[in-house]
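J.: one predicted model, sequence on top.
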Amino acid sequence: MYRQAAYDDDLYRRSRPGAAGYVPPARFEDAPPLPSALSREVPPDLPELSEQDVMRHFLRLSHMNYGVDTGMYPLGSCTMKYNPKLHEVLANVPLLTMHHPEDPPFFVQGTLALMWHLSELLKDLSGTQALSLQPAAGAQAEYLGVRIIMASHAEAGGGRDEMIVPDTAHGTNPASSAMGGCRVVELPSRDDGRVDVDALAAIVSTRTAGLMLTNPNTLGIFERDIHEIAGIVHDAGGLLYYDGANLNALVGRARPGDMGFDVVHFNFHKTFATPHGGGGPGAGAIGVTKALEPYLPVPRLVRDGDTFSWSYDAPRSIGQVRAYYGNVGVMVRAYAYLYANHGRMHEISGQAVLNAMYLLHLLKSHFEVPYYDDAPLRMHEFVISCAALKKETGCGAADVARRLLDYGIHAPTVHFPLVVKEALMIEPTETESKGELDAFASALIEIKKECYEDPKTVRSAPHVASRRQLDILAAAKRPVLSRMHERG
Amino acid sequence: MNAGEYEIRDDVHYTKEHEWLRKTQGGWEIGVTAYASSEMGDVAFVALPPVGKAVPAGDILVEIESVKAVSEIRAPCDCTVSAVQDVLEDEPERLNEAPCDTWIVRFAGEPDPSTLMDADGYAAYLGTLAD
């Protein structure tokens, strides 16, 4: 079994006067001292450590890290799949990294060509007619999409300010809508976990700006009424936004553009195997229909024969959502991934769905699966509920999730989507093997047993991870954000 | 009375959104039920409206942030905030410790009686909710 390393040392206690990671050359010893006006009166409060102390400290900290390179990371709707390391090598080729956004276009034709071909591949995968690589993340793409939708309505006379968002939506959807100037109208789900089409028909009006939808939805259920849904929204004069967070379930098999979506975003860090997190950089390209092309941000990447250049000549554009044209390193990784898998992207989504369905099959007799009776099929992710378990044992979703850390596995998404009580939202991705899926299911089933036999151990978990249970309430109420605070 | 593990007071009215309402001299008090408190989990923050604010029916009156999610109390009718439970700014946990004793906002306004339940009605309503 894999376990995170535990390391809890205080470098200040390890400090030894005179210890240092360097030996100054002898000639510096005779150098005149700094002018007193430039010298500190009190030396900085830093520990004195040897090079080996420092090396061990940071390497041990790195061992406490948990990522998809150390183990399974089944965080629902986040698509934490393995990123081939070859893409890192390619993204770090000096020919690509030693450029500046202000380089004249003739100097960077290769990079611009890569962006162009990447855009073509993404348009083809999504069924959209025009595309911008500018947004730096999915949420920024959502905001941009809302702005594009609002700009097109404004030109048609305005008066549309309601964005419809299902109750199963990712939290970014209502947030982006509100930031883009819309009032959010919540759309309920039916007993089968899908959008309530009748409710939608009753909600749309001349104030409808659009509908933001992810397909499959956050329960992992495919919105099979999508053509009817698109018809209702379009007939009312609204537009459809595709939240690309769950694209990994469909990529290479079905295209949001063909379903009737007018705006589509991509999360490169999910579907196209770019590393997550670490504060970025990210990328969230956006594709649109021909009718919405005029509103895309500037600059535009344009092609004339074999020559690529930038154009700012777009009077109806909404402007810019960030400087320049996106994060190039992320585009290189995405392009490498799409190039390497060209013609077989459908195998990626197929395996992702197969893995999720297999895992659901292993777990469904042990945990409640909401909406299962009305909709037994799931796509790339699924949601189980610990509501009954909590009632019977006192151990809820968060307790089960924390106990998983003791088994050397990252927890799934908890307490989401909001329509499911005590939810665990599980997305194994296509890159986990059958052996890993079996081990994950065994761990969850074993933890369920523990909930009945030894609930105290589950509720006080984790016990052997790099950290013991954190006080999340205190962290939310009284966050301590500085180590200096602690040292006084 | 109690419905399962949840305390239900007889002297207040209830909404389907798991709020309780008490008629006072010159207005109403609103709080969350024991069931709502349990469902939200540990409350970390309560965003109170300013006193004197007019809130149209259905708009957000109070936001309650727990370790699980953000929940909202929406105005049960057109109301004007007459007082708020300031102590919740420092002690939001009161909504977990004593939800039935902790009014959150006092307001002037007239909730539609047909949207409210009495204690028996609310207990029956809780019984209909699927686990």
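T.: Noted; the coordinates are in hand.
J.: list the contacts of A:Ile203.
T.: Contacts for A:Ile203 were tallied using CB atoms under 8 Å, 6 or more residues apart in numbering or on different chains; they are A:Ile164, A:Val185, A:Leu187. For the C-beta atoms, the positions are set from N, CA and C on the backbone; glycine is no exception.
J.: which one of those is nearest to chain B?
T.: For those, the minimum distance to chain B (CB to the nearest CB) is 11.7 Å, reached by A:Val185.
J.: residue of chain B nearest chain A, please.
T.: B:Ala44 (3.7 Å).
J.: that's a strand at that residue, yeah?
T.: Yes - counting by DSSP: H, G, I helix; E, B strand; the rest coil, B:Ala44 is part of a strand.
J.: report the mean confidence score over stretch A:442-458.
T.: For stretch A:442-458, mean pLDDT is 98.
J.: what are the contacting residues of it?
T.: With CB under 8 Å, 6+ apart as the test, stretch A:442-458 has contacts from A:363, A:366-367, A:389, A:392-395, A:399-400, A:403-404, A:407, A:409, A:463.
J.: likewise for stretch A:460-468?
T.: The contact list for stretch A:460-468 (CB under 8 Å, 6+ apart) reads A:3-7, A:64, A:66, A:399, A:402-403, A:405-406, A:457, A:469.
J.: quick check, the residue of chain B closest to chain A in contact with A:Lys477.
T.: Yes - with contact defined as CB atoms under 8 Å, B:Ala44 reaches A:Lys477; the gap is 5.2 Å.
J.: anything in contact with each of those two?
T.: Going by CB under 8 Å, 6+ apart, residues that sit against B:Ala44 and also against A:Lys477 are B:Pro92.
J.: what's the burial count for residue 79?
T.: You didn't pick a chain, so chain A it is. Neighbours of A:Thr79 under the rule other CB atoms under 10 Å in any protein chain shown: 26.
J.: switch to chain B, please.
T.: Other residues close to B:Cys79 by other CB under 10 Å number 25.
J.: quick one, what contacts the residue lying closest to it once chain neighbours are set aside?
T.: Once flanking residues are discounted, B:Cys79 sits nearest to B:Gly109: 3.4 Å by CB to CB, 6 or more residues apart in numbering or on different chains. Listed by CB under 8 Å, 6+ apart, the contact partners of B:Gly109 are B:Gly27, B:Trp28, B:Ala75, B:Pro76, B:Cys77, B:Asp78, B:Cys79, B:Thr80.
J.: same thing but 7 Å
T.: Neighbouring residues of B:Gly109 by CB atoms under 7 Å, 6 or more residues apart in numbering or on different chains: B:Trp28, B:Cys77, B:Asp78, B:Cys79, B:Thr80.
J.: by neighbour count, which of these wins?
T.: B:Cys79 (25 neighbours).
J.: hey, what's that one bridged with?
T.: Per DSSP bridges, the residues bridged to B:Cys79 are B:Val55.
J.: contact partners for it?
T.: Counting by CB under 7 Å, 6+ apart, the residues that B:Cys79 touches are B:Val55, B:Phe107, B:Ala108, B:Gly109.
J.: which parts of the chain are strands?
T.: All of this refers to chain A. A:130-132, A:162-166, A:183-187, A:208-213, A:239-242, A:263-265, A:286-288, A:300-304, A:307-311, A:382-385, A:413-414, A:423-426 (DSSP state E).
J.: chain B is the one I meant
T.: Using DSSP E, strands in chain B cover B:2-3, B:6-7, B:13-14, B:19-24, B:27-32, B:43-47, B:54-55, B:60-66, B:70-74, B:79-84, B:105-108.
J.: contact partners of the fourth one?
T.: Residues outside strand B:19-24 that contact it (CB under 7 Å, 6+ apart) are B:9, B:11-14, B:28-33, B:73, B:76, B:103, B:106, B:111, B:116.
J.: equivalent analysis for the fifth one, please.
T.: Identification of contacts with strand B:27-32 by CB under 7 Å, 6+ apart yields B:18-22, B:73, B:82, B:95, B:99, B:102-109, B:111.
J.: also the longest one?
T.: By CB under 7 Å, 6+ apart, the list of residues contacting strand B:60-66 from outside reads B:40-49, B:55, B:70-75, B:95, B:104-105.
J.: buried sites along it?
T.: B:Leu61, B:Val62, B:Ile64, B:Glu65, B:Ser66 (16 or more other CB atoms under 10 Å in any protein chain shown).
J.: tell me what the second one is bridged to.
T.: Beta-bridge partners of B:Val62, counted by DSSP bridges, are B:Ile73.
J.: neighbour count for B:Ala44 and A:Lys477, which is higher?
T.: More crowded of B:Ala44 and A:Lys477, by other CB under 10 Å: B:Ala44, with 21 against 18.
J.: I'd assumed B:Leu95 was in contact with that one.
T.: No - counting by CB atoms under 7 Å, B:Ala44 does not reach B:Leu95; the two are 10.3 Å apart.
J.: burial count for whichever residue of the stretch 351-488 of chain A sits closest to chain B?
T.: Nearest to chain B, among the residues of the stretch 351-488 of chain A, is A:Ala476, at 3.7 Å (CB to the nearest CB). Applying other CB under 10 Å, we find 16 residues neighbouring A:Ala476.
J.: cool, the one 4 residues further on as well?
T.: One way to gauge burial is a neighbour count; for A:Val480, by other CB under 10 Å, it gives 9.
J.: what of A:His463?
T.: If you count neighbours by other CB under 10 Å, A:His463 ends up with 12.
J.: next: B:Asp86.
T.: 10.
J.: go on, B:Ala108?
T.: 13.
J.: next: A:Gly231.
T.: By other CB under 10 Å, the residues close to A:Gly231 number 14.
J.: write the ChimeraX selection for whichever of the contacts of stretch A:442-458 are buried.
T.: Buried subset of the contacts of stretch A:442-458, written as a ChimeraX selection, criterion 16+ other CB under 10 Å:
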select /A:363,367,389,393,395,399,400,403,404,407,409
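J.: all set, thanks.
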